[in-house]
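Colleague: Requesting a structural model of the entry that follows:
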Amino acid sequence: TQQRSDFIFPFIRGSLRFRQVIWFPVRGSRLLDDLRITATVKVLKFHLTESGLFAVLPWLTMAISANVGGWIADSLVRKGVSVTVVRKIMQTIGFLGPAFFLTQLSHVDSPAMAVLCMSCSQGSDAFSQSGLYSNHQDIAPRYSGVLLGLSNTAGVLAGVFGTAATGYILQHGSWDDVFKVSVGLYLVGTVVWNAFSTGEKIID
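Modeller: Numbering: from 1, shown residues only. Here you go, the predicted structure:
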C-alpha cells in the first residue's frame, strides 16, 4: 500500500513531469504513422503492400536510428552531459525531425520521394527511444512499466481520435491542413518538453 501511494500521490497532485510522459505520446508516432501511410496511399496512389522492399525501408531506418540514438545518448552521458540535457536533445530530434519531414511529404510528387520522406521521418522519430521512452526509467525506476503502459495507452487513444479528426479536417479542408495541425502539435510538444522535462529521479 505504501509503495502504491508513493506513486499515486505525486501523480494526483498534478506533477507536470509525470503527466508529460503520458501526454506527449498523444502527438507521437502512432498518429504520425497513420498520417504518413494514409497520405501516401490516398494522395500518391502508392500502395505499400505492392511495393516490396520500399515498404520496409522506413521501418528498417527506424530500427537502425533507434540504436544509433541510444549509442549517442549513452556516449553523451559517459562524457558527463547530464541525463536531463541528453533526454531533451534526443526528444527534440524525435519531435522536430518528423515534423519537418511531414511538411515535405505533403509536397512530394513521386513514390520514391514519399518513401525517402517516410524513412527520414521514421528515423528521426526513433530518437524518441532515447528521449521520452527512456525518461520513464529516469524519473520513476520502480514504476517505469506503469508509466510506459499509460504512455502507450495515451498513444493508442491519440491514434483513434486523431484518425477521426483527420477525416473531419479533410471534409472541410485539405491534407495541408492536416499536416499543419500535426506539425503545430509537435512544435508545442518540443517547447513544453524542453521547458519542463527532467532526467532526475522523482520517486524511488
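Colleague: make it CA atoms for all contacts and neighbour counts henceforth
Modeller: OK.
Colleague: Please state the offset of the longest helix anywhere in the chain from the chain centre?
Modeller: If you go by DSSP state H, the chain has its longest helix at helix 144-172. Distance of helix 144-172 from the chain centroid (Cα atoms, centre = their mean, to the nearest Å) equals 11 Å.
Colleague: After it, which helix or strand is next?
Modeller: Counting by DSSP states H and E, the next helix or strand C-terminal to helix 144-172 is helix 175-196.
Colleague: which stretches of the chain have low pLDDT?
Modeller: Residues of the chain meeting the criterion pLDDT under 70: 1-54, 204.
Colleague: hey, where'd the helices end up in it?
Modeller: Using DSSP H, helices in the chain cover 2-12, 16-23, 29-44, 53-78, 83-105, 111-125, 132-139, 144-172, 175-196.
Colleague: got TSV for the ones you listed, with distance to Ile202 too?
Modeller: Below are the helices of the chain laid out as TSV (distance: least, Cα to Cα, whole Å):
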stretch	distance to Ile202
helix 2-12	9
helix 16-23	9
helix 29-44	26
helix 53-78	19
helix 83-105	12
helix 111-125	26
helix 132-139	5
helix 144-172	11
helix 175-196	13
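Colleague: Can you redo those as TSV, where the extra columns are mean neighbour count and distance to Ile203?
Modeller: Formatted as TSV, the helices of the chain follow (neighbours: other Cα atoms under 10 Å; distance: least, Cα to Cα, whole Å):
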stretch	mean neighbour count	distance to Ile203
helix 2-12	12	7
helix 16-23	19	10
helix 29-44	18	27
helix 53-78	16	21
helix 83-105	22	16
helix 111-125	23	28
helix 132-139	22	7
helix 144-172	16	11
helix 175-196	17	16
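Colleague: for the longest helix of the chain, packing partners?
Modeller: Counting contacts by 3 or more Cα pairs under 8 Å, 6 or more residues apart in numbering; DSSP states H and E, helix 144-172 is packed against helix 16-23, helix 29-44, helix 132-139, helix 175-196.
Colleague: Please repeat the previous calculation with a cut-off of 7 Å.
Modeller: helix 16-23, helix 29-44, helix 132-139 (3 or more Cα pairs under 7 Å, 6 or more residues apart in numbering; DSSP states H and E).
Colleague: what about the last one, distance to the chain center?
Modeller: When distances are taken as Cα atoms, centre = their mean, helix 132-139 is centred 14 Å away from the chain's centroid.
Colleague: before we move on, the earlier item: and the angle for the longest helix of the chain with helix 132-139?
Modeller: Counting by axes from the mean of the first three to the mean of the last three Cα atoms, to 10 degrees, helix 144-172 points 150 degrees away from the direction of helix 132-139.
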